[in-house]
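Trainee: Please work out how this folds:
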Amino acid sequence: MEQGKIVGRKAPFKLKEIWALRVRLQMESRVRELALFNLAIDSKLRGCDLLSLKVRDICHGDQLATRAVVMQHKTQRPVQFEITPAAREALQKWIKQAGLKSEDFLFPSRIHDSPHLGARQYARILEGWVEELGLDPADYGTHSMRRTKATLIYRRTKNLRAVQLLLGHSKLESTVRYLGIEVDDALEISEQTEI
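Mentor: Residues are numbered from 1 along each chain as shown. The predicted structure follows:
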């Protein structure tokens, strides 16, 4: 084990990596992948919840929603997420290109036995993205997508409660553990809080 490296926890992407990949996907007209990438970052959903989304979960008629609410499979608790303009644009192009209807899965499988993109295929797509960025695939996984925006929000705001709500965690301790907040972070927050 390398010093300071947490085994098991997958790294979130950095802002420069998000933009590098987003631009690459746009330039190469990889419409499905761009829609998947943008929605995964915005939604902060676990892979199983992301892949089981249907068009109707994010659309109101022909309009893409700016926010959506889904029931999480793991916790059976609802979680709300925003859909940014970049994600809405990518999703609109994907839905149109794929000819998807309201009741269709947002990311249908190309294999007839499966109704939607599977977890293993999603992991392979993500591994390809990681390799394109020149990063080590061992450090990243599908959960990296869930952790990315949550980590960026925490670093900018230090607002644990907001991140807790966005991830749908029932306990703040889970969010602290999830983000990997160290004692130094906690002390820094404490020092900045005057009473």
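Trainee: Now the lengthiest helix in the chain: buried residues?
Mentor: Counting residues, the longest helix found in the chain (DSSP state H) is helix 142-157. For helix 142-157, the neighbour count (16 or more other C-beta atoms under 10 Å) marks 142-154 as buried. Just so you know, the C-beta spots here come from the backbone N, C-alpha and C atoms, and that holds for glycine as well.
Trainee: which regions of this protein lie under the pLDDT threshold?
Mentor: Low-confidence regions of the chain, defined by pLDDT under 70, span residues 1-8, 112, 182-187, 189.
Trainee: Spell out the residue ranges of the strands in this structure.
Mentor: 59-60, 63-64, 67-71, 78-82 (DSSP state E).
Trainee: With respect to residue 102, which of these lies nearest?
Mentor: Distance to residue 102, taken as C-beta to C-beta, is lowest for strand 59-60 among the strands of the chain, at 6.8 Å.
Trainee: strand partners of that closest one, parallel vs antiparallel please.
Mentor: strand 63-64 (antiparallel) (DSSP bridges).
Trainee: Residues touching the strand it pairs with, excluding its own?
Mentor: 58, 83, 88, 91, 92 (C-beta atoms under 8 Å, 6 or more residues apart in numbering).
Trainee: Next: stretch 127-136.
Mentor: Applying C-beta under 8 Å, 6+ apart, the external contacts of stretch 127-136 come out as 17, 20, 21, 24, 33, 37, 137, 139, 140.
Trainee: give me that answer again for 7 Å
Mentor: 17, 20, 21, 24, 137, 140 (C-beta atoms under 7 Å, 6 or more residues apart in numbering).
Trainee: Can you measure across it, start residue to end residue?
Mentor: 9 Å (C-alpha to C-alpha, to the nearest Å).
Trainee: where's the nearest residue to residue 171 once chain neighbours are set aside relative to residue 179, distance?
Mentor: Closest residue to residue 171 apart from its sequence neighbours, by C-beta to C-beta, 6 or more residues apart in numbering: residue 164 at 8.0 Å. When distance is defined by C-beta to C-beta, to the nearest Å, residue 164 is 10 Å away from residue 179.
Trainee: do residue 14 as well
Mentor: Residue 14 sits 15 Å away from residue 179, going by C-beta to C-beta.
Trainee: These two: which has the busier surroundings?
Mentor: Neighbour totals were compared for residue 14 and residue 179, and residue 179 leads with 21 against 14 (other C-beta atoms under 10 Å).
Trainee: got the contact list for the more buried one?
Mentor: Residues near residue 179 by C-beta under 7 Å, 6+ apart: 150, 151, 154, 163.
Trainee: so what's the first one up against?
Mentor: Read it as residue 150. Neighbouring residues of residue 150 by C-beta under 7 Å, 6+ apart: 44, 163, 166, 167, 179.
Trainee: and the fourth one, how many residues sit next to it?
Mentor: Neighbours of residue 167 under the rule other C-beta under 10 Å: 22.
Trainee: mind listing what it touches?
Mentor: If you count contacts by C-beta under 7 Å, 6+ apart, residue 167 has them with 44, 150, 175, 178.
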